[in-house]
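K.L.:
Structure, please.
(one chain, ligands or ions: 1)
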Amino acid sequence: MKEKIDSLRESFEQELSRTMSSDAVEQLRVAYLGKKGSVTGLLKSLKDVGAQEKKELGQHINQLKKQVEERLAQRVESIRAAEEQREIAAVERYDVTLPSKGLTGSYHPITLVQRQLEEIFSSMGFIVEDFKEIVTDYECFEAVNIPKDHPARDMQDTYYLENGQLLKTHTSAAQNFILQKYGAPVRAIFPGRCFRNEATDASHETTFFQMEGIMVDKNISISNLIYFMKTMLSQVFEREVKVRLRPGFFPFVEPGFELDINCLICGGEGCSTCHHSGWVELCPCGMIHPNVLKMGGVDPEEYTGFAFGLGLTRLVMMKYGVKDIRDLNSGNLKALSQFQQA
Ligand code: FA5
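P.N.:
Residues are numbered from 1 along each chain as shown. Coordinates of the predicted model:
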């Protein structure tokens, strides 16, 4: 029996070395370890030997069984790795120096509108700033007057990292940074990707874009805010659009407003995009709270300012008549490549 075990080990190794595919390895597994396999057969034949021999041979056969299992697993792994290498080698190399074969990219509609807004605001003396996506609790909440346990945090649940940092819920997270960096007076816009733990629907995504703007100077008032909002909207839409301003609460502005736009998908009649209200919340805004100015190192006795948080993704929807916000993150190139120009 001992010789039989050794010769089975040898023949297994030879057969294993000839396997070239995962299927072949599987066949070998069945041939050796399956119900009617050779190793299983050896184990069954133990019933015909004496007790002492059974113990010793049993150990040998179990060793062989374990070895066969391990070697089969190794073989599958190496075959998979080789297959992967072959696949990689088979992929056509992309040479950026070769002329295009008629395939040209296009900008995402959000990028197009963001650039248009950057031009509009730059022409009015605003600087354009970039800000990170992973921020601290202080930047996202505390520095904009939302202390821990403030109920306003409930509206902006997000994704937290193990180190306590989080994916920014709004572009207001950069307000403190801008105020600290430039001091007063300052005019700045800062577009960026935002993240929230949302139940998605036609107008809500978990990942969307906002564009924040602040203007801080002596004697800045609500009239300045309204002027800039109106100018921005008429230039983006290249026509008059109906807007409404209503009171809105945000801990970082006082007074605060919601600027809504008449839904351009249904013309104000009511649809799923505007939740059948005829209006789309687009650009909350207000006069910067003195606490926020103070935390940014600006004296609220000397300076006042406005801030707005434009829902950039929603603006794109209104501009291009995109009914469902989820289409914009879909990666559907056929749909997205229609937007060549803002
Ligand atoms: C804010 O995020 C405030 N930081 C805006 C602000 C800035 C107010 C400065 C005052 C001064 P709100 O949560 O309402 O507010 O979001 C602002 C805009 O972002 C909304 O009007 C909407 O257009 C857009 N928005 C918010 N949540 C989503 C979402 N889940 N999907 C798509 N767009 C969203």
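K.L.:
From the centroid of the chain, which residue is nearest?
P.N.:
Thr207 (5.9 Å; C-alpha atoms, centre = their mean).
K.L.:
quick one: the helices in the protein?
P.N.:
The residue ranges that make up the helices of the chain, judged by DSSP state H, are 2-18, 22-33, 38-45, 51-90, 109-122, 137-140, 175-182, 222-237, 290-295, 312-320, 333-336.
K.L.:
With mean neighbour count added, can I get those helices in JSON lines?
P.N.:
To be clear about C-beta, it is placed using only N, CA and C from the backbone, and glycine gets the same treatment. JSON lines is the format used below for the helices of the chain (neighbours: other C-beta atoms under 10 Å):
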{"stretch": "helix 2-18", "mean neighbour count": "13"}
{"stretch": "helix 22-33", "mean neighbour count": "16"}
{"stretch": "helix 38-45", "mean neighbour count": "16"}
{"stretch": "helix 51-90", "mean neighbour count": "13"}
{"stretch": "helix 109-122", "mean neighbour count": "18"}
{"stretch": "helix 137-140", "mean neighbour count": "18"}
{"stretch": "helix 175-182", "mean neighbour count": "20"}
{"stretch": "helix 222-237", "mean neighbour count": "16"}
{"stretch": "helix 290-295", "mean neighbour count": "19"}
{"stretch": "helix 312-320", "mean neighbour count": "23"}
{"stretch": "helix 333-336", "mean neighbour count": "12"}
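K.L.:
Just send those helices back as TSV, with distance to Arg153 and mean pLDDT too.
P.N.:
As requested, those are exported to TSV (distance: least, C-beta to C-beta, whole Å; pLDDT from 0 to 100):
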stretch	distance to Arg153	mean pLDDT
helix 2-18	60	91
helix 22-33	51	93
helix 38-45	62	90
helix 51-90	46	89
helix 109-122	27	96
helix 137-140	9	98
helix 175-182	16	98
helix 222-237	25	93
helix 290-295	16	98
helix 312-320	22	94
helix 333-336	34	78
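K.L.:
Those: which one's closest to Pro99?
P.N.:
Relative to Pro99, the nearest member of the helices of the chain by C-beta to C-beta is helix 333-336, separated by 21.0 Å.
K.L.:
ok and the residue in the stretch 51-200 of the chain nearest the ligand?
P.N.:
With C-beta to the nearest ligand atom, the shortest gap between the stretch 51-200 of the chain and the ligand falls at His170, namely 3.3 Å.
K.L.:
before we move on, what about the chain?
P.N.:
Of all residues in the chain, Gly311 sits closest to the ligand, at 1.8 Å by C-beta to the nearest ligand atom.
K.L.:
wait, isn't that residue in contact with Asp260?
P.N.:
No: at 10.4 Å, Gly311 and Asp260 do not qualify as touching, with contact defined as C-beta atoms under 8 Å.
K.L.:
For the two, indicate the residue with more neighbours.
P.N.:
In terms of neighbours (other C-beta atoms under 10 Å), Gly311 is the more surrounded of Gly311 and Asp260; the figures are 24 against 21.
K.L.:
What residues of stretch 296-307 count as buried?
P.N.:
For stretch 296-307, the neighbour count (16 or more other C-beta atoms under 10 Å) marks Gly296, Val298, Pro300, Tyr303, Thr304, Gly305, Phe306, Ala307 as buried.
K.L.:
Let me see the contact set for the residue nearest to the fourth one when sequence neighbours are not counted.
P.N.:
Read that as Tyr303. Taking C-beta to C-beta, 6 or more residues apart in numbering as the measure, Tyr303 lies nearest to Ala184, with 4.4 Å between them; neighbours along the chain are not counted. If a contact means C-beta atoms under 8 Å, 6 or more residues apart in numbering, then Ala184 has Val216, Asp217, Leu293, Val298, Asp299, Glu302, Tyr303, Gly305 as its contacts.
K.L.:
repeat for Leu64
P.N.:
When contacts are counted by C-beta under 8 Å, 6+ apart, Leu64 is found next to Ile5, Leu8, Arg9, Val39, Leu42.
K.L.:
now swap in Ser337 and tell me
P.N.:
Shown in contact with Ser337 (C-beta under 8 Å, 6+ apart): Ser106.
K.L.:
Now it, what are its backbone angles?
P.N.:
phi -80, psi 0 (degrees, to the nearest 10).
K.L.:
just to revisit the earlier point, tell me how far the residue nearest to Tyr303 lies from His60.
P.N.:
For Ala184, the distance to His60 (C-beta to C-beta, to the nearest Å) stands at 85 Å.
K.L.:
where does the stretch 101-250 of the chain dip in pLDDT?
P.N.:
Segments of the stretch 101-250 of the chain classed as low confidence (criterion: pLDDT under 70) are 101-103.
K.L.:
Residue numbers of it in contact with the ligand?
P.N.:
Residues of the stretch 101-250 of the chain lying close to the ligand (C-beta under 6 Å from any ligand atom) are His170, Ser172, Arg196, Glu198, His204, Glu205, Phe208, Gln210, Glu212, Phe250.
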